[in-house]
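*Asks:* below is the sequence, then the predicted model.
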Amino acid sequence: MRPPPLLGLAPVVGANTRLLVLGSFPSVASLGAAQYYAHPRNQFWTILSTLWGIDLTALPYASRLTEVRRRGLGIWDVYASCRREGSLDSAIEDAMPNDLAGLVARLPALRAIAHNGGESARAMKWTRSLVPEVLRLPSSSPANASWSLARKCETWRAVFASHGLCP
């Protein structure tokens, strides 16, 4: 029997969002907590903590989102819904895309989209028409064990710095 369709999370954006990081679809842990990157081994919040010099992992989720918006970062996913058993991107079936064009149209300060990992980056063929710059970041997922945290931070820092989101 096929798993039921899962629904993703709402975008996290603000009026000054300059960079939008797109994942593929929330993990089981993220959906259960209704929080982006809730899996304890996902390095997303650790990477941002390193880049911004603030321990986001120690903050309540709402405070993390406030900091994200304040700094001009947006968070969303490529897929609005899908069928999937577990959390692996390779298990995604019947994916329905989010209205990325509609979101981008509401973000006048947006200058770039950064895809968090390979499955998200599959959408680059569409997102390239939406903003001046589209990039692929190494996945913050624990499944991306071939990249060290230091190497991920270095790559993410270059992208964030080029858009004024970190020194």
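*Replies:* Noted; the coordinates are in hand.
*Asks:* state the mean pLDDT of the lengthiest helix in the chain.
*Replies:* The longest helix of the chain (DSSP state H) is helix 149-162. Throughout helix 149-162, pLDDT has a mean value of 97.
*Asks:* list of residues touching it?
*Replies:* Contacts with helix 149-162, where a contact means C-beta atoms under 8 Å, 6 or more residues apart in numbering, come from 19, 43, 46-47, 50-51, 73, 112, 114, 135, 137-138, 140, 144, 166-167. For every residue, glycine as well, the C-beta is placed using N, CA and C.
*Asks:* in a strand, that's where Leu22 is, yeah?
*Replies:* Yes. Per DSSP: H, G, I helix; E, B strand; the rest coil, Leu22 lies within a strand segment.
*Asks:* residue numbering should commence at 30 henceforth.
*Replies:* OK, 30 is where the count begins now, so the last one is Leu51.
*Asks:* could you report the separation of it from Ser169?
*Replies:* Per C-beta to C-beta, to the nearest Å, Leu51 is found 12 Å from Ser169.
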